[in-house]
Every structure is written in structure tokens, then in C-alpha cells.
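Engineer: The sequence isn't on hand, but the structure is:
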């Protein structure tokens, strides 16, 4: 596995090397270009001056013993005259068709310029080219038409070796290489310091995480990072610890409540069996004991099923299979099934549907949710009361409301009504066979369908439980694995 610290160092070093290479190339190219421009401009100035003299005194080309510059130039300084005299030793004078007419004393015949360059000079242009003698320093050459901007009579060639330019470029390259090497070394050492400084906060986080071996997870990371990017990481780490602690406490309370709920029927079972076995009993007494134990077993089965349902919703895999679903037939079938139970309690159960669009839902889970709500509504509605199921649109959601005319719920109980094992009247609910998990299961099913469930209640007037489900087109497609 790669080291993040090493990756930072290598990335920083690669970036520095790339920048140094670009910088070195740019400096070298710029300096070489400036030298070439200087050499070219110097050669052009000399060639133009000599060309002007030849144009003024063309008879100088008719003798090979006479120097072109054998007289003083009144308009030039002694230094310029000396330079011009030296340059005249290295000039070549060609005819307009490129044939040699005259050469200076130190001039060396070079390969002729190409036809393309000769054509440009014949058109009155000044051209430059570089000659590469075998085992010698390259020569920079300029060809100037005489006269300029007209059909030339002569072509004047002036050249100079590029030894100085090459030595200057070589020295510059060595200087840049030394500078780049030193910079690379400092960059490597500096990148290590930067990496250690940047990862110091991560190291503290790692140390804190290693020291958290188990609950409670109340350890808060106090970190003053040097970089603002690490502050959100610190907050996220502390928020994660808080969520873990909250989830742990919730699971612990859930287990404690589940164990307590299961302890009561188990204790009753054990007590009944022990009492029954203390002496011989009649058939009727045995039957009564078995019926009592059967009730406790049924309570345990109901509690186990509820716990398994909640466990499925707490797992990683989805506990629902969402498909396009029409709610009215589901509600109608369910109301028809529960009407007999409601009539036994002398309660009127009715369905009042309105046209609504499809939703994404799991038919079985929706039925389970509604059975829990209707069972509570029928159970806590006195004889002669009513339970109404309404199906309607509310803004962009489909609403299923279960209204009852029962005794209602006190306001202090409403905030915790969907908490696991929470009961408004523990003794009454236990006697009625409730587990305290019906409404928490309702909440889990609603959230698994990307919906919500709310309650409104008034003591003495009844309660309204409302399930809101998004319509089919408003459900995120990424959360519908079965489609």
C-alpha cells in the first residue's frame, strides 16, 4: 500500500522538477534567442555599412590587393573603423546570380546558400543561415543585397563564428543545472517537512481513533489544525463519535427493553409450570395452565416478530421491494378484511378514497403499516365510535389518513409516540397484548418508502395518523433497486 506522505513528497518533487525544467528551457531558449538576435543585428549592421561602401566605390572590387576600407571614415569612431576593417577581411562579394567576385583576406569559401535563400536575396531581402563546418564551430552568415530593396548588383556575405554564443549558452546551462539540482534537493527536504506538517492533524485523528477501543464514545477531539481544510474533518469526526454514541445507547436501550419485555412472559411461563408440577392436577387445571402458558407464548411470538421486523429495517439490505403501486385496491381489501373485527367492537370502519396517482411501494409492508394503525384505532375507540380511512392528494404527496373518534392521546406523549417500547399506559397495553413496537415499525416502513408519518390528537376527540408517500415520478430512481 502506498504511503500518503510519500505520495505528497513525490508529487511535490515531480511538480518542482517539471517547473524547473520549464523554467530552464524558457531561460535557455530566451537567452539563445537574444544572442542570435544580437549576432544577426551586428552582422546586418556591418554588412549594410560595407555594402554602402561597395555601392559607392564599386571599383574597389576590381583589385584583389586593395583593401576595401583603406581610408578613414569621418562619420565613424576609431573603434567602429577598426571593427569594420576586421570585418572586411571575412566578407565575400557575390554576383547577383551567386558567383564569387571578391573575398577578404581571411574569408573562407563556404557552401553556397540554397536556391530558396538566393531567390529571396535577389528579391531584395536580407537572409540569415548557419553553416556547420566539419569538426568546427558553427558559422552564422548573413547575405545582404547591394543595393537594398532593388534588383541587386551584388550579394554581400558577412559571417562570424558562434563560439562565444555557444560558450555563453554552455555556461548558462551549467548554471541552470546547478541551480536546479540545489532547488531539487531543497524541494525534497522541504516536501518532507510540508508532508509531516500537513499530516500532523491526520496523525492526531488516527491516535484518537486508536485509543477509542469501545463504548462510551464520548471522547471529543480537541484539534487546532494549522489548515482550515482540517477543521471540517475534526467536526465530522466528533459528529461521527456522537452518532456512534447515540446509536450505541439506542441499541443498548433497545436490548434492555427487549430483554425486559421477554422476561415478563418467560417468568409467567416458569411460574405456571413450577406451580403446576408441585402436585397432581385435574384435567381442567392442566388445561387452564396450558391456556395461560399459550397466551404468554403468543406474546413472545408477537414480540419476536416485531423485533425481527425492526432488525430487517436496521440492516444494510433494503427491507422493502418498491414497485409502482395503486393504493386504493390495497386499502379497500384491508378495510373489507377488518370490517368484521370492527363490527365485533360495534365500531364503524369506512374508506373514503379520492383519485390519486401511483406510488412506489411494497404492498405487504404498506398493509403491515396500515394494520398497525387500524388495530390501534379500533382498539382505543369505544363502542359506537368511527374509524375513517381517507386517501387523498396533499401537494406533491399521496396521503393516507386514519381517523378515529377514540379517547385521544395526551400532548406530553406525542413527541415519543414512535419511540421503541414507549407506551402511554404500560399496564393497559400489556394487558391488551401490545408490544410497544407497532408505531416504531410504522415509522420504519414509512421512511423506507421515502415518506413520513405524523399524528394529531386531542384528548376526548380522537386521533389522526397520516402517512405521506411521494408520487411515483418524485421518488429518486437510485433508491429503487427493484425497478
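Structural biologist: It's in. Computed from a prediction, not measured in an experiment: that's the story for all the values here.
Engineer: What about the closest residue to residue 133 other than its chain neighbours, how many residues nearby?
Structural biologist: For residue 133, ignoring the flanking residues on the chain, the nearest one in space by Cβ to Cβ, 6 or more residues apart in numbering is residue 139 at 6.6 Å. (Glycine included, C-beta is placed from N, CA and C.) If you count neighbours by other Cβ atoms under 10 Å, residue 139 ends up with 18.
Engineer: Residue 139 contacts residue 130, correct?
Structural biologist: Yes: in terms of Cβ atoms under 8 Å, residue 139 counts as a neighbour of residue 130; the distance is 6.9 Å.
Engineer: between these two, what contacts are shared?
Structural biologist: Taking Cβ atoms under 8 Å, 6 or more residues apart in numbering as the contact rule, residue 139 and residue 130 both touch residue 162.
Engineer: which residues of this structure fall in strands?
Structural biologist: Using DSSP state E, the strands found in the chain span residues 92-95, 100-103, 127-131, 139-146, 154-161, 323-325, 348-353, 359-361, 386-394, 397-404, 452-458, 462-470.
Engineer: Roughly how far does the closest residue to residue 443 other than its chain neighbours sit from residue 383?
Structural biologist: Nearest residue to residue 443, sequence neighbours excluded (Cβ to Cβ, 6+ apart): residue 418, at 4.4 Å. For residue 418, the distance to residue 383 equals 28 Å [Cβ to Cβ, to the nearest Å].
Engineer: Repeat that for residue 133.
Structural biologist: Following Cβ to Cβ, the distance that separates residue 133 from residue 383 is 122 Å.
Engineer: same deal with residue 36?
Structural biologist: Plainly put, residue 36 is 110 Å away from residue 383 if you go by Cβ to Cβ.
Engineer: Next: residue 281.
Structural biologist: Plainly put, residue 281 is 38 Å away from residue 383 if you go by Cβ to Cβ.
Engineer: Residue 399 now?
Structural biologist: Residue 399 sits 28 Å away from residue 383 when distances are taken as Cβ to Cβ.
Engineer: who's more crowded, these two?
Structural biologist: With other Cβ under 10 Å as the criterion, residue 399 and residue 383 differ in neighbour count, and residue 399 comes out ahead with 18 against 8.
Engineer: Report the contact partners of the more buried one.
Structural biologist: By Cβ under 8 Å, 6+ apart, the neighbours of residue 399 are 390, 391, 392, 393, 466, 467, 468, 469.
Engineer: Using TSV, lay out those together with neighbour count, distance to residue 370 and pLDDT.
Structural biologist: As requested, the contacts of residue 399 are arranged in TSV below (neighbours: other Cβ atoms under 10 Å; distance: Cβ to Cβ, whole Å; pLDDT from 0 to 100):
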residue	neighbour count	distance to residue 370	pLDDT
390	17	12	93
391	19	11	94
392	14	15	93
393	13	18	93
466	18	12	93
467	23	8	93
468	19	14	93
469	24	12	93
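Engineer: Just the closest of those to residue 306, please.
Structural biologist: Using Cβ to Cβ, the shortest approach to residue 306 within the contacts of residue 399 belongs to residue 467, at 18.8 Å.
Engineer: Contacts only, for the closest one.
Structural biologist: Neighbouring residues of residue 467 by Cβ under 8 Å, 6+ apart: 369, 373, 399, 400, 401, 442, 446, 451, 452, 453.
Engineer: swap the cut-off to 6 Å and go again
Structural biologist: By Cβ atoms under 6 Å, 6 or more residues apart in numbering, the contact set of residue 467 is 400, 446, 453.
Engineer: just those residues now: which is nearest residue 205?
Structural biologist: For those, the closest approach to residue 205 (Cβ to Cβ) belongs to residue 446, at 36.8 Å.
Engineer: Report pLDDT for the closest one.
Structural biologist: Residue-level confidence at residue 446 comes out at 89, pLDDT.
Engineer: Next: residue 387.
Structural biologist: pLDDT, residue 387: 93.
Engineer: any idea how far residue 262 is from it?
Structural biologist: Looking at residue 387 against residue 262, where the rule is Cβ to Cβ, the gap reads 31 Å.
Engineer: if we can go back for a sec, just the closest of the contacts of residue 399 to residue 320, please.
Structural biologist: The shortest approach to residue 320 among these belongs to residue 469, at 11.8 Å (Cβ to Cβ).
Engineer: Tell me the bridge partners for that closest one.
Structural biologist: residue 398 (DSSP bridges).
Engineer: dump the residue contacts of it.
Structural biologist: Residue 469 makes contact with 359, 398, 449, 451, according to Cβ under 6 Å, 6+ apart.
Engineer: cool, residue 326 as well?
Structural biologist: Residues near residue 326 by Cβ under 6 Å, 6+ apart: residue 358.
Engineer: how close does the residue nearest to residue 451 when sequence neighbours are not counted sit to residue 376?
Structural biologist: Nearest residue to residue 451, sequence neighbours excluded (Cβ to Cβ, 6+ apart): residue 469, at 4.2 Å. Note on residue 469: its distance to residue 376, by Cβ to Cβ, is 20 Å.
Engineer: what does residue 417 give?
Structural biologist: In terms of Cβ to Cβ, residue 417 sits 10 Å off from residue 376.
Engineer: Repeat that for residue 354.
Structural biologist: Relative to residue 376, and taking Cβ to Cβ, residue 354 is found at 24 Å.
Engineer: Specify which residue of those two has the higher count of neighbours.
Structural biologist: Neighbour count, other Cβ under 10 Å: between residue 354 and residue 376, residue 376 has more, with 21 against 11.
Engineer: And the pLDDT for that one?
Structural biologist: On pLDDT, residue 376 comes in at 88.
Engineer: With residue 108 instead?
Structural biologist: On pLDDT, residue 108 comes in at 74.
Engineer: returning to what we had before: with distance to residue 159 as new columns, can the contacts of residue 399 be given to me in JSON lines?
Structural biologist: Written out in JSON lines, the entries for the contacts of residue 399 read as follows (distance: Cβ to Cβ, whole Å):
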{"residue": "390", "distance to residue 159": "104"}
{"residue": "391", "distance to residue 159": "101"}
{"residue": "392", "distance to residue 159": "99"}
{"residue": "393", "distance to residue 159": "94"}
{"residue": "466", "distance to residue 159": "99"}
{"residue": "467", "distance to residue 159": "97"}
{"residue": "468", "distance to residue 159": "92"}
{"residue": "469", "distance to residue 159": "92"}
